[in-house]
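Asker: Provided below are the primary sequence and the corresponding predicted coordinates.
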Amino acid sequence: ADKLLSPLKLGSLTLPNRVFMAPLTRQRASQPGNVPTALNATYYAQRASAGLIVTEATQVMPEGQGYAWTPGIHSDEQQAGWKLVTDAVHAAGGHIALQLWHVGRISHRHVQPGLKQPVAPSAIQANAQTFVVHPDGSMGMVQTDLPRALEVEELPGIVAAYRAAARRAIDTGFDLVEIHAANGYLLDQFQSTGPNQRTDAYGGSVENRARLTLEVVDAVVAEIGAERTGIRISPFGTFNDISDTEAEAMAFHLVTQFDARKLAYVHVAEPDWAGGPQLTDAFRAGLRQRYHGVLVFAGGYTKDKAEALIASGTGDAVAFGRPFIANPDLPARFARGAEVNAPDASTFYGGAEKGYTDYPTLTA
Ligand SMILES: C=C(C(=O)O)c1ccccc1
């Protein structure tokens, strides 16, 4: 039988299947103010048959933005925009989590408030690119800027921003939040030996480098509860110039801590989606042994690979990104063994309806 299409208990929810929609940056929030729109609501509602939708990464404070036109969740206007999305997804019978983001050094002064220098655990520039609109109105890909090292006194303010964002998310009708601790952004920068050269309580040992992530987790859980809190990590990731000489130790420490807090789910972005190494079955089993909540894997999965992962008991759900871009009704296509269309990469980022809400669903 198709385990992938069987129901899944997650927190207080019973989800209809284990075909999750992965977080996908699409850069289509309205300006000024990085506000979600009715078009965003249509896009997400079209994909409401996912077991769980995880939204695009959404900055928790202005300094947390790294790319042009990504949405925030730190203003009343942004919250009102997201309400369009949660109402539309719930009207279509869906379930949706908001992914909470701070990009850290994967940013540029032209997308920072007051054209300020981006922030990071240490003043180490990433060999990475981002897309910004310049003050003169021109736009394009740029090298991410050299960041400023955060003072330890600034960290409580960042933790508070995640907490306030989680509050806004639940007040807006989101079923859960997913803390973004993956893919070379701020929390992953603190977790990793490459970008984090701090000599204070937030640098050095695995425990110290995990500290900010766990402070954010504890603040969010205090605000909205563990059963509404998920988190995404990307062990052995390389995207955005991330490197960690102690990647396995960090991953096992994090999931052990997540288990102790009974977080609703842990979402593992497998590094090969962005050209990193393949995870081993032994490593995935190591995560499963340490974390007993809902374990979600993502990164280039097919239906068959996903089915095998769930049948083996290692994973409970699989998140699909690019397939959901081009196939709004992906679960139905899996159920019917129908063709899964490939998306048009030229319309992944920016723009409007084209390559966003104009993909077809299966005819009856
Ligand atoms: C939020 C992202 C992530 O988590 O990797 C992202 C952002 C821009 C392009 C691709 C991916």
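Answerer: Cool, the structure landed.

Asker: For Tyr359, which residues are in contact?
Answerer: Tyr359 makes contact with 46, 325-328, 341, 343 under the criterion CB atoms under 8 Å, 6 or more residues apart in numbering. Every C-beta, even on glycine, is put in place using the N, C-alpha and C of the backbone.

Asker: filter these to the buried ones?
Answerer: Neighbour-count burial (16 or more other CB atoms under 10 Å) applied to the contacts of Tyr359 gives 46, 325, 327-328, 343.

Asker: Counting only helices, which of the residues you listed make the cut?
Answerer: Within the buried ones among the contacts of Tyr359, residues falling in helices by DSSP state H are 46, 325.

Asker: quick one: which of the buried ones among the contacts of Tyr359 is nearest the ligand?
Answerer: Nearest to the ligand, judged by CB to the nearest ligand atom, of the buried ones among the contacts of Tyr359 is Ile325 at 12.1 Å.

Asker: returning to what we had before: turn the buried ones among the contacts of Tyr359 into TSV, including pLDDT and distance to Thr130.
Answerer: Below are the buried ones among the contacts of Tyr359 laid out as TSV (pLDDT from 0 to 100; distance: CB to CB, whole Å):
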residue	pLDDT	distance to Thr130
Gln46	98	28
Ile325	98	20
Asn327	98	28
Pro328	98	28
Pro343	98	21
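
Asker: Rebuild the buried ones among the contacts of Tyr359 as a markdown table, extending it with distance to the ligand.
Answerer: Shown next, in a markdown table, are these (distance: CB to the nearest ligand atom, whole Å):
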| residue | distance to the ligand |
| --- | --- |
| Gln46 | 21 |
| Ile325 | 12 |
| Asn327 | 19 |
| Pro328 | 20 |
| Pro343 | 13 |
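
Asker: from the buried ones among the contacts of Tyr359, which single one is nearest Glu153?
Answerer: Using CB to CB, Ile325 comes nearest to Glu153 of the buried ones among the contacts of Tyr359, at 41.4 Å.

Asker: pretty sure that closest one contacts Pro23?
Answerer: No - counting by CB atoms under 8 Å, Ile325 stays clear of Pro23, with 12.0 Å between them.

Asker: Contact partners for the residue nearest to Asp145 when sequence neighbours are not counted?
Answerer: Excluding the flanking residues, the one nearest Asp145 by CB to CB, 6 or more residues apart in numbering is His108, at 5.0 Å. Applying CB under 8 Å, 6+ apart, one finds that His108 lies in contact with 66, 118, 130, 132, 142-145.

Asker: Check Ala160 too.
Answerer: Contacts of Ala160 (CB under 8 Å, 6+ apart): Ala219.

Asker: gap between it and the ligand?
Answerer: 22 Å (CB to the nearest ligand atom, to the nearest Å).

Asker: Locate that residue within the secondary structure: which element?
Answerer: According to DSSP states H and E, Ala160 maps onto helix 155-171.

Asker: Give me the buried entries from the contacts of His108.
Answerer: 66, 118, 130, 132, 142, 144-145.

Asker: Including distance to the ligand and pLDDT, could those residues go into CSV?
Answerer: Output for the buried ones among the contacts of His108, formatted as CSV (distance: CB to the nearest ligand atom, whole Å; pLDDT from 0 to 100):
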residue, distance to the ligand, pLDDT
Gly66, 8, 98
Pro118, 15, 98
Thr130, 8, 98
Val132, 12, 98
Val142, 14, 98
Thr144, 12, 98
Asp145, 16, 98
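
Asker: Please name the nearest non-neighbouring residue to Ala219.
Answerer: Of all residues not flanking Ala219 in the chain, Arg163 sits nearest, at 4.1 Å (CB to CB, 6+ apart).

Asker: cool, and Asn40?
Answerer: In space, Asn40 comes closest to Val85 once its chain neighbours are excluded; the distance is 5.8 Å by CB to CB, 6+ apart.

Asker: any idea how far the top helix by length along the chain is from the chain center?
Answerer: Longest helix in the chain, counting residues (DSSP H): helix 206-224. Distance of helix 206-224 from the chain centroid (CA atoms, centre = their mean, to the nearest Å) equals 16 Å.

Asker: which helices and strands does it pack with?
Answerer: Helix 206-224 sits against helix 155-171, strand 176-180, helix 186-191, strand 229-233, helix 247-260, with contacts defined as 3 or more CB pairs under 8 Å, 6 or more residues apart in numbering; DSSP states H and E.

Asker: For that helix, give the mean pLDDT please.
Answerer: Helix 206-224 carries an average pLDDT of 99.

Asker: May I see the buried residues of it?
Answerer: Within helix 206-224, the residues that count as buried by 16+ other CB under 10 Å are 206, 208-221, 223-224.

Asker: Stretch 8-18 too?
Answerer: 8, 10-11, 13, 15-18.

Asker: residue in the stretch 151-300 of the chain nearest to the ligand?
Answerer: Closest point on the stretch 151-300 of the chain to the ligand, by CB to the nearest ligand atom, is Asn183, at 3.7 Å.

Asker: now the strands: where do they sit in this structure?
Answerer: With DSSP state E, the ranges of strands along the chain come out as 8-10, 13-15, 19-21, 53-59, 96-101, 119-120, 129-133, 139-143, 148-149, 176-180, 229-233, 265-269, 294-298, 317-320.

Asker: got those as CSV, with distance to Met250 columns?
Answerer: Converted to CSV, those look like this (distance: least, CB to CB, whole Å):
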stretch, distance to Met250
strand 8-10, 25
strand 13-15, 29
strand 19-21, 24
strand 53-59, 21
strand 96-101, 20
strand 119-120, 17
strand 129-133, 25
strand 139-143, 27
strand 148-149, 20
strand 176-180, 15
strand 229-233, 9
strand 265-269, 13
strand 294-298, 17
strand 317-320, 21
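
Asker: just checking, the residue of the stretch 151-300 of the chain closest to the ligand touches Phe239?
Answerer: Yes - judged on CB under 8 Å, Asn183 makes contact with Phe239 at a distance of 5.0 Å.
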